[in-house]
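[1] could you work out the structure for the sequence below:
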Amino acid sequence: MTDDEASFVSGREAAALLGVKRETLYAYASRGLVRSEPSSVGRGRRYNRDDLERLKARHDARSGHGPVAAGALRWGEPVLESGLTAIEAAGPRYRGHPSAELAASASLEAVAELLWTGALPDPAPRWRAPGIGLRISSLTALLPPAAPPLVTLALAVPALAAADPDRFTQAQAPELARARALIRRMAALAGAGRGADQVKPAHAEADIAGALLVSLAAPASSRARHLMRRALVLCADHELNASAFAVRVAASAGADLYACVSAGLATLSGPRHGGVVDRVEALVDEVERPEHARRVIQDRARRGEEIPGFGHPLYPAGDPRGAQMLAAAIEHAPRNPQLRTLAAIVAGMHEAGREPPTLDIGLCCVGAALGLPPRSAVAIFAIGRAAGWLAHAFEQRAAGFLLRPRARYVGP
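    Purely as a prediction, here's the structure:
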């Protein structure tokens with residue numbers, strides 16, 4: 001078959017491609033929507049394949065594929081190509097590396113470099129940032145008393161941006177250095193709302209895990225650092241979750257890295273994303289003691305209320321990240337009262353035949369085991385996920401197009 005013949009199809013094939021009757025095909029041709037020419041075989045005509053595919057795409061966008069595209073934004077089909085993270089039953093894989101294996105041996109710094117560059121560094125990198133990047137006293141003066149980490153970071157990241165006049169430079173080397181410094185500073189600043197005196201000692205720590213522990217005024221033993229590293233790595237990325245998608249929208253518009261991370265933080269703060277961690281903490285306060293867990297679960301079921309932190313649409317058999325964090329937390333602090341209550345809630349849900357725990361339960365377990373202040377466990381989520389947010393920003397920039405979905409109008 002010649003190239004010219006391959007670009008044309010018979011009337012029967014054209015009608016089948018469009019899913020219409022032959023009469024409708026002839027009408028399209030007569031209106032100039034599809035080019036046709038006499039067939040070399042018989043008395044019929046043949047039709048231009050490019051015109052047919054273009055017409056089908058228009059039709060699908062208006063009808064059949066419109067609902068499919070709308071459904072894709074509701075835990076549906078993939079809407080973007082990405083080489084960062086694949087979600088599997090055993091948990092996420094970061095550029096082909098199982099996150100569970102990375103969590104057992106790698107630091108957040110190493111995983112961030114893997115996500116950003118595609119190469120897992122060996123030995124683990126040691127990041128440095130020249131100074132904290134802003135006046136700590138100016139930041140804390142604007143914060144409410146005992147501001148939790150997400151509130152603090154939501155203010156700190158734009159402040160860091162304002163102090164960086166070179167933030168619009170998108171050359172690779174300076175942007176990677178900026179990304180490293182940003183995560184280090186975020187880790188050191190996370191606890192500034194509760195104690196500004198911890199910021200500089202936290203920033204002087206050798207790694208992100210230690211910096212976040214010191215910033216949140218938690219014990220920074222070697223065992224605690226290992227547990228924190230594990231949790232940070234498990235939080236590093238999770239494909240196109242709500243905050244990562246928000247980051248990619250900002251990046252596609254050319255926003256600087258600080259603005260991209262701010263978009264992620266704003267989305268993470270919602271009660272259906274990172275805010276679930278705070279809701280789980282509130283549930284623990286409601287249960288109070290392990291022996292009350294079954295009753296609270298039953299009472300909530302009777303009232304038609306959900307139990308936050310259980311059931312993930314992408315993991316019908318259970319979120320392996322939550323299970324890994326729960327096991328690691330129990331190993332670290334088996335007698336912690338909050339952790340025992342959390343374990344009783346998980347057991348109660350299992351006995352009731354309910355959904356398994358998610359990452360949010362795992363984060364609360366790690367927070368309890370490490371002795372973090374209330375509403376601080378979500379800081380692990382934010383600092384760990386910042387690595388993934390920045391990876392999505394870099395990948396979307398490289399893709400080079402503006403993310404601009406179409407709406408399917410249903411109004412009058």
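[2] burial of T117, as a residue count?
    T117 is flanked by 14 other residues according to other Cβ atoms under 10 Å. (Each C-beta comes from the backbone N, C-alpha and C, glycine too.)
[3] excluding its backbone neighbours, what's nearest it?
    Excluding its sequence neighbours, the residue lying closest to T117 (Cβ to Cβ, 6 or more residues apart in numbering) is L176, at 7.8 Å.
[4] that neighbour against A112, yeah?
    No - using Cβ atoms under 8 Å, L176 is not in contact with A112; the gap is 9.6 Å.
[5] find the nearest non-adjacent residue to D51, please.
    Leaving aside its chain neighbours, D51 sits nearest to V34 (4.4 Å; criterion: Cβ to Cβ, 6+ apart).
[6] surely that neighbour is within a strand?
    No - read with DSSP: H, G, I helix; E, B strand; the rest coil, V34 is coil and lies in no strand.
[7] which ones are touching it?
    14, 25, 28, 47-48, 51-52, 55 (Cβ atoms under 8 Å, 6 or more residues apart in numbering).
[8] just the ones in strands from those residues, please.
    Per DSSP state E, strands hold the following members of these: 47-48.
[9] quick check: the two most widely separated of the contacts of V34?
    Using Cβ to Cβ, the contacts of V34 reach their maximum pairwise distance at L25 and N48, which is 11.9 Å.
[10] which one's more surrounded, those two?
    Shown here are L25 and N48; by other Cβ under 10 Å, L25 has more neighbours (24 against 18).
[11] wait, isn't the more buried one in contact with E13?
    No - L25 sits out of contact with E13 when judged by Cβ under 8 Å, with a separation of 10.2 Å.
[12] ok so, going back, name the helices or strands packed onto the helix or strand the residue nearest to T117 falls within?
    If you go by DSSP states H and E, L176 is part of helix 172-189. On a contact count with 3 or more Cβ pairs under 8 Å, 6 or more residues apart in numbering; DSSP states H and E, helix 172-189 meets helix 108-117, helix 149-162, helix 199-203, helix 208-215, helix 257-268, helix 377-399.
[13] per-residue confidence at K21?
    Note on K21: pLDDT of 89.
[14] what's the neighbour count on it?
    Neighbours of K21 under the rule other Cβ under 10 Å: 10.
[15] so who does the closest residue to it other than its chain neighbours touch?
    Once flanking residues are discounted, K21 sits nearest to A15: 6.5 Å by Cβ to Cβ, 6+ apart. Residues near A15 by Cβ under 8 Å, 6+ apart: 21-22, 24-25.
[16] can you pull the contacts of the nearest residue to A146 once chain neighbours are set aside?
    Once flanking residues are discounted, A146 sits nearest to R194: 5.4 Å by Cβ to Cβ, 6+ apart. R194 sits next to 146-148, 216-217, 373 when contact means Cβ under 8 Å, 6+ apart.
[17] what secondary structure does R194 sit in?
    Taking three-state DSSP, the label given to R194 is coil.
[18] quick one, phi/psi of it?
    phi -110, psi -20 (degrees, to the nearest 10).
[19] ok, H312 next?
    In terms of degrees, to the nearest 10, the main-chain angles of H312 are phi -120, psi 130.
[20] report the contact partners of it.
    Listed by Cβ under 8 Å, 6+ apart, the contact partners of H312 are 318-319, 358-359.
[21] again, 10 Å this time
    75, 87, 238, 318-322, 355-360 (Cβ atoms under 10 Å, 6 or more residues apart in numbering).
[22] quick check: domain ranges of the protein?
    3-63, 88-412 (automatic domain parsing).
[23] and the last one, how far apart are its ends?
    This means domain 88-412. Using Cα to Cα, to the nearest Å, the end-to-end distance of domain 88-412 comes to 42 Å.
[24] also stretch 115-124?
    By Cα to Cα, the extent of stretch 115-124 from end to end equals 14 Å.
[25] any weak-confidence spans in this structure?
    1-6, 58, 60-72, 77 (pLDDT under 70).
[26] and L176 and A112? which has more neighbours close in?
    With neighbours defined as other Cβ under 10 Å, L176 and A112 compare such that A112 has more, 30 against 16.
[27] for the more buried one, give its distance to H350.
    34 Å (Cβ to Cβ, to the nearest Å).
[28] before we move on, what about A159?
    According to Cβ to Cβ, A159 stands 44 Å off from H350.
[29] between these two, which is the more surrounded one?
    A159 (17 against 14).
[30] ranges for the helices of the stretch 301-412 of the chain?
    In the stretch 301-412 of the chain, the segments counted as helices under DSSP state H, counting those that start in this stretch are 320-332, 337-351, 359-370, 377-399.
[31] can you lay out those as TSV showing distance to L139?
    Below are these laid out as TSV (distance: least, Cβ to Cβ, whole Å):
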stretch	distance to L139
helix 320-332	30
helix 337-351	30
helix 359-370	23
helix 377-399	16
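[32] sorry, back to before: among the contacts of H312, which one lies nearest to A129?
    For these, the residue nearest A129 by Cβ to Cβ is H238; the value is 25.8 Å.
[33] show me the contacts for the residue nearest to the closest one when sequence neighbours are not counted.
    Once flanking residues are discounted, H238 sits nearest to P92: 5.9 Å by Cβ to Cβ, 6+ apart. The contact partners of P92, taken as Cβ under 10 Å, 6+ apart, are 84-86, 98-100, 102, 234, 236-239, 314, 320-321, 388.
[34] on the three-state scheme, P92 is what?
    Here P92 is recorded as strand under three-state DSSP.
[35] beta-bridge partners for it, please?
    Legend: beta-bridge partners of P92 under DSSP bridges are I87.
[36] separation between the closest residue in space to D256 that isn't next to it in sequence and A386?
    In this structure, D256 finds its nearest non-sequential neighbour in R167, 4.3 Å apart by Cβ to Cβ, 6+ apart. Relative to A386, R167 is positioned 16 Å away (Cβ to Cβ).
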